[in-house]
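>>> Prediction below, plus the sequence it came from.
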Amino acid sequence: MVCGGLPAVFLLFLQRFVLIHGSTLIREDTPGSEMSVMEFGYDPNSIKGPRYWNMKWPSCGFSRQSPIDINTTYVTYGRPYEIRYNQENQDLPGNLINNGHTTAFYFEEKARYLYGVPGSPKDKFLLNELHFHFGNDRIHGSEHSINGQFFPIEVHMVHYNSKYRQPRIASMMPDGIIAVSVFLRIRSGPPNHVDTFIKTNIPRVKDPKGKAVKADLNPSLLLPFKRDFYTYRGSVSVPPCKNNIRWIIMKETRDISIFAYRAFLTLKTKEGEIISKYGNFRPIQDSSCNRLVEANFMY
Ligand SMILES: *[C@@H]1O[C@H](CO)[C@@H](O)[C@H](O)[C@H]1NC(C)=O
Ligand SMILES: [Zn+2]
């Protein structure tokens with residue numbers, strides 16, 4: 001998305017138009033209002049696809065949607081933010097599931113927390129789960145992009161503000177959720193701990209109807225060594241797309257082996273389709289030229 005392209009008013013108009021146009025389409029194509037039981041999907045030509053999410057979930061058409069392209073020209077650099085975790089490099093027990101859209105690892109004890117977060121420096125954000133976005137080639141897969149460049153995988157680590165006690169309650173609050181995002185690249189070479197975790201466990205949750213798999217994961221191994229990041233306020237990137245979360249997008253990437261990468265390509269949706277066929281990344285919603293994106297490093 002090029003900056004200064006479409007003025008915001010026009011975008012609003014466009015959104016309205018799609019909404020009205022779209023609802024006609026629904027009535028004609030899906031008699032009996034199947035929307036109420038319908039799952040969302042990523043096929044761009046399907047009524048379940050990202051373009052139509054806002055018909056069932058109006059908040060997907062609201063402002064401040066994610067993901068965005070981070071055009072580094074428009075970033076505010078050198079903000080004094082430094083996030084920290086209370087614990088590093090520990091294997092943590094949890095359960096890996098396939099929810100039909102991705103595979104997610106839910107930490108059993110919410111013991112690892114992030115602090116020093118922009119906007120809420122005094123609060124503790126407990127790591128609840130992490131999940132992956134990917135595509136069907138080695139170029140696309142991430143949701144966010146940096147200067148138009150995508151990555152094969154994007155990990156989202158979802159944290160909730162401990163003062164709300166439960167992720168579900170926190171998700172309704174303006175300062176409830178922090179998503180830390182890391183881009184993964186594919187490399188050749190021997191597998192590391194994360195590769196082994198992925199290769200061993202993901203094939204066991206290929207089918208969303210199967211059981212959760214118990215495993216241990218050290219989440220520090222999915223974070224870059226250097227904690228330079230971009231941050232902005234956006235939305236959850238899946239329905240209902242609530243626009244109340246803060247994103248922390250790591251500048252440095254991590255690698256996974258090609259063997260681990262291939263495990264993602266076997267995951268299936270509830271309809272038995274391969275998730276990677278259309279990928280599970282929402283298209284770019286905006287550019288940083290329209291948003292406040294800050295970085296904790298100098299340009
Ligand atoms: C970033 O913004 C600059 C200045 O408006 C523009 O020339 C460039 O094309 C943008 N980059 C991308 C990837 O959209
Ligand atoms: Zn995500």
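The structure has been received and is ready for your questions. Ligands and ions are numbered 1, 2, ... in the order given.

>>> just for the stretch 1-150 of the chain, where's the confidence low?
Applying pLDDT under 70 to the stretch 1-150 of the chain flags residues 1-38.

>>> Phe62 versus Cys241, what's the distance?
7 Å (Cβ to Cβ, to the nearest Å). Using the backbone N, CA and C atoms, a C-beta is placed for each residue, glycine as well.

>>> between the two, who's got more neighbours?
Cys241 (24 against 15; other Cβ atoms under 10 Å).

>>> for the more buried one, helix, strand, or coil?
What DSSP: H, G, I helix; E, B strand; the rest coil gives for Cys241 is coil.

>>> so who does it touch?
Contacts for Cys241 (Cβ atoms under 8 Å, 6 or more residues apart in numbering) come out as Trp53, Asn54, Trp57, Ser59, Cys60, Phe62, Gln65, Ser66, Ser235.

>>> for Asn201, same thing?
Asn201 touches Leu96, Val213, Ala215, counting by Cβ under 8 Å, 6+ apart.

>>> repeat that for 10 Å
Residues near Asn201 by Cβ atoms under 10 Å, 6 or more residues apart in numbering: Leu96, Thr103, Phe105, Val213, Lys214, Ala215, Asp216, Leu217, Ala263.

>>> got TSV for the residues you listed, with secondary structure and neighbour count too?
As requested, those are arranged in TSV below (DSSP: H, G, I helix; E, B strand; the rest coil; neighbours: other Cβ atoms under 10 Å):
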residue	secondary structure	neighbour count
Leu96	strand	22
Thr103	strand	25
Phe105	strand	26
Val213	strand	18
Lys214	strand	11
Ala215	strand	16
Asp216	strand	14
Leu217	strand	21
Ala263	helix	21
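
>>> Nearest to ligand 1 among those residues?
Closest approach to ligand 1 among those (Cβ to the nearest ligand atom): Thr103, at 30.1 Å.

>>> Touching, the closest one and Leu267? I think so.
Yes. Using Cβ atoms under 10 Å, Thr103 is in contact with Leu267, at 5.9 Å.

>>> intersection of neighbour lists for those two?
Joint contacts of Thr103 and Leu267 (Cβ under 10 Å, 6+ apart) are Phe132, Phe134, Ile202, Val205, Lys206, Pro208, Ile275, Asn280.

>>> Could you identify the most distant pair in these?
Phe134 and Pro208 (15.7 Å; Cβ to Cβ).

>>> So between those two, which is more surrounded?
Legend: neighbour count by other Cβ under 10 Å for Phe134 and Pro208, higher for Phe134 (25 against 19).

>>> In contact with the spatially closest residue to the more buried one that is not a sequence neighbour, which residues are there?
In space, not counting the residues next to it along the chain, Phe134 is nearest to Gly141; the distance is 4.1 Å by Cβ to Cβ, 6 or more residues apart in numbering. Shown in contact with Gly141 (Cβ under 10 Å, 6+ apart): 132-135, 150-154, 183-184, 186, 261, 264, 276, 279-281.
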